[in-house]
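Visitor: Fold the following for me, if possible:
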Amino acid sequence: MTTRTVLIAAALAVAVALVGYEANRFWAYLIYAVAISSIGAMSLNLLIGFCGQITFAQGALIGVGAYTAGNLGNAGWGALSLLGAGLCGALASALIGLPALRLRGLYFAISTLAAQFIFSYLFKILQPLTNGVSGLVVKPLVLFGRPVASDQEYAVISIVLLFLSWLFLSRLAQTDVGRALLVIRESELVARGMGIDVSRTKMKAFLVSGFFAGLCGGLLAFTSRFANPEAFEIGLSVDQTAMIIVGGLGSLAGSVIGAVFVTLLPEAIQRLGELMPSADLVSAFREMAFGVLIILFLLLEPRGLVSLGQRLRSRWSGSKSNAGTAVTIPLRDRSRTFAMPAFNRRKV
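Guide: Below is the predicted model of the structure:
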């Protein structure tokens, strides 16, 4: 991550924040919805794209963050409620990730699916904390001593937190921990041979990923002013997975691009649905569109929109296309020899 990249990202974040602050309520809603989804997608990409740990419990972690922020915010914690949401999300993620120390591949994925259903059930029965199926009403976020009342302000806050999240995760990817995650993704046996503490490194990934998933849930609770168990079921995990597949596995920029695409897709379908005679057709078409979208990207462009954009830019410039540089972090490719990343001397 170069200084030029950081400055470009900062300038883009400032520009979008200014647009969100001056936009009407609908466009401000779209901006903070994309920003919040991007934070969640980046946290999921850290586990799946960087570490190779397939999980279906992202919706549960976002729900933990939402209910934590809602309860703390209602108790008067103000902006600290977002920090509490991140910490509780990290704790829940560590609990979900414990089976990863012994299970791998499909077996671990099934364990996370079970965890998703367990948390969904807990959200419904823990009445004092979640208000059950009726949902928890959340007071506005209190920042600098005053409540955040407008969608435009939430858009600015979401963009700022998105930029800070991207900055932290980008820096993490360039540390020894980030390089260790890549080796674990390719081969845990090789990782152990290189002296990497696989269990400890995996747990770090779950903690960091859970923190940002909780932060995503906290923002979601404050912007929607409501936390309902139905919002954090398996469908949310599927949406988040679709974002990183469409955008690009192993790419933080791809997470943001995928979030933009998947979040705005329902709005486009809704506008198309206004031309249809039946609302049921619109709902069915939305579900079908997500399924077809994921299948097409897996078959035609498994490295996502980031890879597609890189190739188009290479062809436009006349340079030789290199699919290995299409994403920030190269994915597994059996046709090429995996290049082990360089580590510092200290133990990971």
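
Visitor: Give me the mean pLDDT for whatever helix or strand L299 lives in.
Guide: Assigned by DSSP states H and E, L299 belongs to helix 279-300. Across helix 279-300, pLDDT averages out at 71.

Visitor: do the same with stretch 19-36
Guide: Computed over stretch 19-36, the mean pLDDT rounds to 90.

Visitor: Please identify the next secondary structure element, helix or strand, after the helix holding L299.
Guide: Downstream of helix 279-300, the first helix or strand assigned by DSSP H and E is helix 304-317.

Visitor: List the buried residues in stretch 5-17.
Guide: Residues of stretch 5-17 classed as buried: 9, 13, 16-17 (neighbour count, 16 or more other Cβ atoms under 10 Å). To be clear about C-beta, it is placed using only N, CA and C from the backbone, and glycine gets the same treatment.

Visitor: what residues does it touch?
Guide: For stretch 5-17, contacts defined as Cβ atoms under 8 Å, 6 or more residues apart in numbering pick out 31, 155-156, 159-160, 162-163, 166-167.

Visitor: Which parts of the stretch 1-150 of the chain are strands?
Guide: All strands of the stretch 1-150 of the chain, identified by DSSP state E, counting those that start in this stretch, fall at 136-137, 142-143, 146-147.

Visitor: where are the low-confidence patches of the stretch 201-348 of the chain?
Guide: Low-confidence segments of the stretch 201-348 of the chain (pLDDT under 70): 273-287, 290, 318-348.

Visitor: Now do the helices in it.
Guide: Here the stretch 201-348 of the chain has its helices, by DSSP state H, counting those that start in this stretch, at 234-247, 252-273, 279-300, 304-317.

Visitor: Nearest to G40, out of those helices?
Guide: Evaluated with Cβ to Cβ, those place helix 234-247 nearest to G40, the distance being 5.4 Å.

Visitor: coming back round to it: and the strands of the stretch 1-150 of the chain: which comes nearest L215?
Guide: Nearest of the strands of the stretch 1-150 of the chain to L215, taken as Cβ to Cβ: strand 142-143 at 14.8 Å.

Visitor: what pairs with the closest one, and is each one parallel or antiparallel?
Guide: Partners of strand 142-143 in the sheet, by DSSP bridges, are strand 146-147 (antiparallel).

Visitor: Quick one: mean pLDDT for the partner strand?
Guide: The average pLDDT for strand 146-147 rounds to 90.

Visitor: residues in contact with the helix or strand just after that strand?
Guide: Where DSSP H and E defines the elements, the next helix or strand beyond strand 146-147 is helix 151-173. With contacts defined as Cβ under 8 Å, 6+ apart, helix 151-173 is touched by 1, 6, 9-10, 13, 16-17, 20-23, 25, 28-29, 31-32, 35-36, 38-39, 42, 46, 50, 82, 141, 143, 148, 178, 208, 212, 215, 219, 222-223, 252, 256, 328-329.

Visitor: swap in stretch 125-142?
Guide: Residues outside stretch 125-142 that contact it (Cβ under 8 Å, 6+ apart): 67, 69-71, 73-74, 76, 78-79, 81-82, 122-124, 147-149, 154, 157, 221-222, 224-229.

Visitor: before we move on, back to that, switch the strands of the stretch 1-150 of the chain over to CSV; also include mean neighbour count.
Guide: Compiled in CSV, those are given as follows (neighbours: other Cβ atoms under 10 Å):
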stretch, mean neighbour count
strand 136-137, 16
strand 142-143, 16
strand 146-147, 12
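
Visitor: Looking at those, which is nearest to F117?
Guide: Closest to F117 of the strands of the stretch 1-150 of the chain, according to Cβ to Cβ: strand 136-137, at 20.2 Å.

Visitor: Adjacent strands (with direction) for the closest one?
Guide: Partners of strand 136-137 in its sheet, by DSSP bridges: strand 226-227 (antiparallel).

Visitor: which outside residues touch the partner strand?
Guide: With Cβ under 8 Å, 6+ apart as the test, strand 226-227 has contacts from 63, 66-67, 70, 130, 135-138, 221.

Visitor: that older thread, among the helices of the stretch 201-348 of the chain, single out whichever gets nearest to K204.
Guide: With Cβ to Cβ, the closest approach to K204 among the helices of the stretch 201-348 of the chain belongs to helix 252-273: 17.0 Å.

Visitor: report the angle between the axes of that closest one and helix 304-317?
Guide: 100 degrees (axes from the mean of the first three to the mean of the last three Cα atoms, to 10 degrees).

Visitor: helices or strands up against helix 252-273?
Guide: Other helices and strands packing on helix 252-273, by 3 or more Cβ pairs under 8 Å, 6 or more residues apart in numbering; DSSP states H and E, are helix 25-45, helix 151-173, helix 234-247, helix 279-300, helix 304-317.

Visitor: Can you give me the buried ones in that helix?
Guide: Neighbour counts over helix 252-273 (16+ other Cβ under 10 Å) mark 252-263, 265, 269, 273 as buried.

Visitor: and T241, what does it touch?
Guide: Residues in contact with T241 (Cβ under 8 Å, 6+ apart) are 44, 48, 56, 58, 294.

Visitor: wait, which of the residues you listed is closest to A191?
Guide: Set against A191, the nearest of those by Cβ to Cβ is I48 (17.1 Å).

Visitor: my read: that closest one touches A57, true?
Guide: No - under the criterion of Cβ atoms under 8 Å, I48 is not in contact with A57, lying 11.7 Å apart.

Visitor: between those two, who's got more neighbours?
Guide: Neighbour count, other Cβ atoms under 10 Å: between I48 and A57, A57 has more, with 31 against 21.
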